[in-house]
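Visitor: Requesting a structural model of the entry that follows:
(2 chains)
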Amino acid sequence: MSIFSIYNTQSRDLQTVNVTGRPVHIYCCGPTVYRDAHVGNLRTFLLADLISRTLKLSGLDVLLIQNITDVGHMSEDFESEDKMLSQAKLEKVDPFEIARKYEEKFHTDLARLNIAPAKSYPRASETIPGMLSSIQTLIENGSAYVSESGSVYFSAESFPSYGAISGNRLDSLKPGHRYEYSDDGEKKFHADWALWKSAGNRSEMVWDSPWGRGFPGWHIECTAMSLDLLHSHVDIHVGGIDLRFPHHENERAQSNSIIGSEAVDLWVHGEHLLFEGRKMSKSANNVVLVEDLISQGLDPLSLRLALMENRYRSQMDLTWDSLRAANSTLNRWRSAMANWGSSETIGFDSEIHSALLADLDTPRALLRLRAVEKDQLLTPMQKREIFNYADQVFVLDLKRVVEVKPLTSEQSALLESRATARANKNWGESDRIRDLLARDGIVVSDNPEGQSWAWSN
RNA sequence: GGUCGGAUGGCCGAGAGGCGAGGCAAGGGACUGCAAAUCCCUCUACACGGGUUCAAAUCCCGUUCCGACCUCCA
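Guide: The predicted structure follows:
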């Protein structure tokens, strides 16, 4: 059996996934649910999906866990306001209502992109006891300390291999370099971080703890959840490149300090998505949501295809052009599939299989699919069966029969009069009607068998 | 200042010592009453300077430029 290999940020090398006798444990850092997930966020969630599906293609079981951060995690800095709480103030509702609303939308977006649901989506707010016991363990074994105000900090120096994922060294993280470092005076060392932050003057989203009322630090939720739900061992940990430091570095220090060994085998990071040449951000005003694609008349799966045209490890510039290109490819493939018959058999293609196994080389797999489409030595049935095979991972709904919105009676009448005009070689009238229909988004074309029509989107 | 990646045709992007991916756009042709769709063809590139080699986009050294991260971030 061929083996899946993928790039491990920590070892800076391709690493194979060798798991037998149990499911592959995957943990993917999920959304902070204070706003809509944009298409860049979705690129990372798609990455976890592609990994899971490729492993399944190779006959492995997968246990995927993805957290929902519904507790503000601006705990390092009291000056900036917590995102969840400030959004709640803005929308004038209970912060948990905000969280549930965006959590719901997150699931909707995943479904639109055919991203298979994880086994579970633990919420930070419902994992407080687990976090408290993780923190307790860290205090007991000397990895963490309690401050005067009742906050708990992780001691970075207690973890000798700190920095292994990101390449950062503790002395390079000293204040005085480019970033602005602020300290509330409670940390013993500049690189320490909060595991638990005392409530201060906060009254919402705070919990009781052995150290007083407060709220958890951002990094501890992933430690608590992954150790608990994945039985203290993560085979593949997935997240966006920006989480490499500090989030994953800190999570690793916490998890390893609790279990006394390496908790994660493989750290996989997805690169960022740019849109029209710039990083997607509110200030650049180029945040794109799945809804925006839909309102442009694009199939959301054209995003899935467009994202797969690039490797997950390279920064990618998404444009409306590339989305439209993907959308028309999708339409072309679906109608080709319909023309190739109705076989439900799942074929096999070794090139596609090996491309996916080789560090998720989706561009090469798609290239092969295009070659299959054009290959004159393959029968239509063979083509369809190879497409069926590929669609287990691509999940572009290639078998979907393009459903056609019915015409209004006026539009049907126009089509009929055009056919009559054409029969009479009344070209002027025929073209006039064609223009009329085009305004309704109906494209008319003439074939030897007569005229046919289609919706332009 | 530290760390991690990049630079390929009009644009987006694979490729990682020899055979010039693919897509989009553009131009030409076939088909058509004219179109559309489709098919065929065309446009032939690897930041710069050295080096290694029979052979470099690919390896090595140097240079320039670009992006990401450095305590909010997918």
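Visitor: Quick one: residues contacting residue A:128.
Guide: A:207, A:216 (CB atoms under 8 Å, 6 or more residues apart in numbering). (Each C-beta comes from the backbone N, C-alpha and C, glycine too.)
Visitor: Which helix or strand lies directly C-terminal to the helix or strand residue A:86 falls within?
Guide: In the assignment (DSSP states H and E), residue A:86 maps to helix A:83-91. Counting by DSSP H and E, the next helix or strand C-terminal to helix A:83-91 is helix A:95-112.
Visitor: Quick check: buried residues in that following helix?
Guide: A:95, A:96, A:98, A:99, A:102, A:103, A:105, A:106, A:109, A:110, A:112 (16 or more other CB atoms under 10 Å).
Visitor: Kindly provide the distance from the second one to residue A:87.
Guide: In other words, residue A:96. Distance from residue A:96 to residue A:87, counting by CB to CB, to the nearest Å: 12 Å.
Visitor: can you pull the alpha-carbon coordinates of the host helix or strand of residue A:355 into CSV?
Guide: Assessed by DSSP H and E, residue A:355 sits inside helix A:350-357. Extracted in CSV, the C-alpha atoms of helix A:350-357 (Å, rounded to 0.1, in the frame of the first residue of the first chain):
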residue,chain,number,x,y,z
SER,A,350,-2.7,5.7,-10.2
GLU,A,351,-1.4,9.1,-11.3
ILE,A,352,-4.2,10.9,-9.3
HIS,A,353,-3.6,8.6,-6.4
SER,A,354,0.1,9.1,-6.2
ALA,A,355,-0.2,12.9,-6.7
LEU,A,356,-2.4,13.1,-3.7
LEU,A,357,-0.2,10.9,-1.6
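Visitor: what about that helix and RNA strand B, touching?
Guide: No: judged by CB under 7 Å from any atom of the strand, helix A:350-357 and RNA strand B are separated, with a smallest distance of 8.9 Å.
Visitor: For that helix, give the mean pLDDT please.
Guide: Mean pLDDT, helix A:350-357: 89.
Visitor: neighbouring contacts of it?
Guide: A:2-5, A:50, A:54, A:57-58, A:361-362, A:364-365, A:368-369, A:386, A:389-390, A:393.
Visitor: hmm, try it at 10 Å
Guide: Applying CB atoms under 10 Å, 6 or more residues apart in numbering, the external contacts of helix A:350-357 come out as A:1-6, A:16-17, A:50-51, A:53-55, A:57-58, A:349, A:361-369, A:371-372, A:386-387, A:389-390, A:392-394.
Visitor: Which residue, other than its chain neighbours, is closest to residue A:265?
Guide: residue A:235 (5.0 Å; CB to CB, 6 or more residues apart in numbering).
Visitor: before we move on, back to that, anything in contact with each of residue A:96 and residue A:87?
Guide: What both residue A:96 and residue A:87 touch, as defined by CB under 10 Å, 6+ apart, is the set residue A:33.
Visitor: In the stretch 151-300 of chain A, mark out all the strands, start to finish.
Guide: A:152-154, A:193-198, A:214-216, A:234-240, A:264-270, A:273-275, A:278-279 (DSSP state E, counting those that start in this stretch).
Visitor: could those go into CSV alongside mean pLDDT and distance to RNA strand B?
Guide: Formatted as CSV, the strands of the stretch 151-300 of chain A follow (pLDDT from 0 to 100; distance: least, CB to the nearest atom of the strand, whole Å):
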stretch, mean pLDDT, distance to RNA strand B
strand A:152-154, 93, 10
strand A:193-198, 91, 5
strand A:214-216, 92, 13
strand A:234-240, 93, 2
strand A:264-270, 91, 6
strand A:273-275, 81, 4
strand A:278-279, 70, 5
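Visitor: Looking at the stretch 301-450 of chain A, which residue is nearest RNA strand B?
Guide: Proximity of the stretch 301-450 of chain A to RNA strand B (CB to the nearest atom of the strand) peaks at residue A:445, 2.9 Å away.
Visitor: since we're on residue A:270, how many residues are nearby?
Guide: When neighbours are defined as other CB atoms under 10 Å, residue A:270 has 25 of them.
Visitor: do the same with the one 5 residues further on
Guide: A total of 20 residues lie near residue A:275 under the criterion other CB under 10 Å.
Visitor: Check the one 4 residues further on too.
Guide: Close neighbours of residue A:279, defined as other CB under 10 Å, add up to 13.
Visitor: Quick one: residues contacting it.
Guide: A:40, A:272, A:273, A:286, A:315.
Visitor: which two from these end up farthest apart in space?
Guide: Farthest-apart pair in the contacts of residue A:279 is A:286 and A:315; separation 14.8 Å (CB to CB).
Visitor: Looking at the two, which is more packed in?
Guide: More crowded of residue A:286 and residue A:315, by other CB under 10 Å: residue A:286, with 17 against 11.
Visitor: and the residue nearest to the more buried one when sequence neighbours are not counted, what are its bridge partners?
Guide: Of all residues beyond its chain neighbours, the one nearest residue A:286 is residue A:275 (4.7 Å), with distances taken as CB to CB, 6+ apart. Beta bridges link residue A:275 to residue A:278, residue A:318 when assigned by DSSP bridges.
Visitor: Residue A:275 contacts residue A:287, correct?
Guide: Yes: look at residue A:275 against residue A:287 with CB atoms under 10 Å: they come within range, at 7.9 Å.
Visitor: Which segments of chain A make up each domain?
Guide: Following automatic domain parsing, one gets these domains for chain A: A:5-270, A:274-394, A:409-455.
Visitor: circling back: which helices and strands sit right next to the helix or strand following the helix holding residue A:355?
Guide: Where DSSP H and E defines the elements, the next helix or strand beyond helix A:350-357 is helix A:362-374. Secondary-structure packing of helix A:362-374 (3 or more CB pairs under 10 Å, 6 or more residues apart in numbering; DSSP states H and E): helix A:39-57, helix A:300-308, helix A:320-339, helix A:350-357, helix A:380-394.
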